[in-house]
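Asker: got a predicted structure here, sequence first:
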Amino acid sequence: MLKNIPILIVEPEEPGESRLLKFLSTRTAASLHHAKNPTEAMSVINESSTLKILITDLFPPGKDGLKLIQEGCGKIPAMVPVAIMPPGNREYIVEALQSGVYFYVNTPLDCQEVIEVVKNAVEYQKLLASSLEHTPKPRKSDGFEGIIGQSPAMQELFSIIRNVTANNHGNVLLRGESGTGKELAAQAIHKMSPERSRHNFVPVNCAAIPDDLLESELFGYEKGAFTGANRSKKGRLEHADKGTLFLDEIGDMKPNMQAKLLRVLQEQEFEPIGSVKTREIDIRVIAATNRNLDEAVREGTFREDLYYRLSVIPVTIPPLRERPEDIDPLVETFLLMFNRGRQMPIDGFTQNAMDALRAYHWPGNVRELQNLVQRICILHSGNTVGIDALPKRFSELKPHDRETGPESGFADDAAGPATANHTPEAPDTDGTPIDFHQMTYEFENRLILQALYNTNWNKKEAARLLNMKRTTLLEKIKKRNLDRQDVA
C-alpha cells in the first residue's frame, strides 16, 4: 500500500541512527526523505512538491514542528501531517489538532503502529487530494509572494520590497504589530533576491529561544566546547551563508548577544563556540520587531550601533485596521485554505458579517482574522456565515467604530517608530471564562463529524481516518448523539 509513497520524516536523529527511518525502509517500499530539523525539512518541501506524508517531531519546547506543519502544508496543501507527540500531554494534542494535524503517534514509538497510522494518513491524503482538485485556487492577482493585499498601503509595501530585492545587500528592519505578516514579507524579500534565493532562508525567533541557548543556535559549537557537546554543530549563521538570516522579535535579544551580533554584521565573520578559527560568511539579515526600538535605544536596552546596522532599509508593515479593503480578499483566501477536506465548503460571509469584519479594529491583525476563519470552518455547519455565527464582539460593532480603534503605534520613517501600544490577541471568550474541556469536547465532535462527512458516513473508514478503534467511534457517536440529523 505504501509503495512509492513519498514520505518526509523530520526528527533530530542522524539518518543512520533513526530507528523509524530504518523500520520504514525495511518494511515498506515508500520513497523516504529525512530531515533533522524544520529548516532542513522546508528545504526538502520546497524542492519536492510531490510529498504526500509528513512525519515530524514537535521539537519542544518551541514546538517548531507545529510551525513546520502549517508552513509545509501551505506549500503542499495535499500533504498530510503525522505528529510525533510526547505522551500524556493534552495541551500538545489540542494545539496540534488546531494546527491541522489529523494523525499522531505517541512516544516511545511503536513502529508497527506508525505504519498503521501512515496507512490511514495515505487514505486520507487521497480524499484530500481529490477534494483539492475540485477546489478553486486563489487568483494570482490576489497575492504578492504569499502576501494578500490590494489596498494602496500594501501596494506601496510591495513596491518597496521590489526595490529592496533589486540589490542582494543591505540589512532590512521590518516594523509592525504582531500578526501583520512580517515573516511573510521577509520570505518575499528572500525569494525575490536573485542570488540569495538560491540559498537558505533561516528564521530565528529571538524571543522563543532561551538566552543560554541562543548563542549556540546562532554560532554553533565545536565538539567538547561545553558539557554535553558530544559532536560539533553548525549554527544558523553558517546555515544562512549566502542566503538570508531572519531574526524575529529582535527587540527581545539580550545586550550580550547584541554585541556579538554587531560584530558579525560589521565583519561578516564569526567563531563557533569553542573554536579559535574565524569563519567568513555572506548573509543578508532581515530583522523584525513589534517594539519601538527608538524607545529601547533611549532606555539603553538596545544598542544604538546595532539598531543602525539593522535598519539600513526600514520597512513598516501596516496594521489590518488601516487597510479594511484587504479584509475581503483575505477572507476569500482563508476560506479556500480551510475549506479543504470539508464535504460542504463554506461559500462565504453575508454582507452584514463582512460589514462587521470591516468595522472591527483587529488588535491581532491578519493572524487574528486567519484564526477566526479557521475556527468558523471547523465549528460552523452551514454554507454561509452570518453575523450570528461571529463572536459577540462583532455583532455589537457599528461601521464608525473602526475609526476609534487603537492607533498603529508606528510613525513614518522620518519621525522614527512610535511606541507600540496594541492589545494582544485574545481568545473568543466574550468575557466569560474558557472551559477547556468543553472546547476540547466540541472540537473532537467536529473532527468526528468531518471524518464521517469525508467517508460518506462509513464508520469503519471514519475510524481509520481518526486513528481510532471502530467500537470507540461508535460509542462516541452514540453518547454524543452525533447522528445524521446533527449534520445540517
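Answerer: On my side now, so go ahead.

Asker: just checking, Arg340 touches Pro77?
Answerer: Yes - counting by Cβ atoms under 8 Å, Arg340 does reach Pro77; the two are 6.2 Å apart. Glycine gets a C-beta too; all of them are placed from N, C-alpha and C.

Asker: and for Val366, the neighbour number?
Answerer: Using other Cβ atoms under 10 Å, Val366 has 24 neighbouring residues.

Asker: mind checking the SS state of it?
Answerer: Counting by DSSP: H, G, I helix; E, B strand; the rest coil, the backbone at Val366 sits in helix.

Asker: that one against Lys182, yeah?
Answerer: No - with contacts defined as Cβ under 8 Å, Val366 does not count as touching Lys182, sitting 10.4 Å away.

Asker: and Asn167, which of the three is it?
Answerer: Quick answer, by three-state DSSP: Asn167 is coil.

Asker: and the gap between it and Ser395?
Answerer: Distance, Asn167 to Ser395, by Cβ to Cβ, to the nearest Å: 49 Å.

Asker: equivalent analysis for Lys469, please.
Answerer: Relative to Ser395, Lys469 is positioned 42 Å away (Cβ to Cβ).

Asker: these two: who's more crowded?
Answerer: For Lys469 and Ser395, the more surrounded residue by other Cβ under 10 Å is Ser395, and the numbers stand at 14 against 11.

Asker: so what's the closest residue to the more buried one other than its chain neighbours up against?
Answerer: Here the nearest residue to Ser395 in space, its sequence neighbours aside, is Ile387; by Cβ to Cβ, 6 or more residues apart in numbering that works out to 5.3 Å. Residues touching Ile387, when contacts are defined by Cβ atoms under 8 Å, 6 or more residues apart in numbering, comprise 350, 352-353, 356, 394-395.

Asker: which of the residues you listed are buried? Put it as a PyMOL command.
Answerer: Applying 16 or more other Cβ atoms under 10 Å to the contacts of Ile387 leaves a buried subset, and the PyMOL line that selects it is:
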select buried, resi 353+356+394
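
Asker: and the protein, split by domain according to the record?
Answerer: Domain assignment of the chain by automatic domain parsing yields the ranges 6-133, 152-316, 324-404, 436-486.

Asker: and those domains: which comes nearest Gly146?
Answerer: The stretch from the domains of the chain with the least distance to Gly146 (Cβ to Cβ) is domain 152-316; that distance is 5.4 Å.

Asker: and that closest one, how far apart are its ends?
Answerer: 14 Å (Cα to Cα, to the nearest Å).

Asker: for it, the distance to its chain's centre please.
Answerer: 19 Å (Cα atoms, centre = their mean, to the nearest Å).

Asker: then stretch 466-483?
Answerer: The mean C-alpha position of stretch 466-483 is separated from the chain mean by 31 Å, Cα atoms, centre = their mean.

Asker: flag every buried residue along it.
Answerer: Of the residues in stretch 466-483, those buried under the neighbour-count criterion (16+ other Cβ under 10 Å) are 466-468, 473, 476-477, 482.

Asker: so where's the stretch 201-350 of the chain uncertain?
Answerer: Under the criterion of pLDDT under 70, the regions of the stretch 201-350 of the chain flagged as low confidence span 341-343.

Asker: what ranges do the strands span in it?
Answerer: With DSSP state E, counting those that start in this stretch, the ranges of strands along the stretch 201-350 of the chain come out as 201-205, 220-221, 233-234, 244-248, 269-270, 279-280, 284-289, 313-316, 348-349.

Asker: before we move on, back to that, most widely separated two among the buried residues of stretch 466-483?
Answerer: Using Cβ to Cβ, the buried residues of stretch 466-483 span at most 17.6 Å, a distance reached by Asn467 and Leu482.
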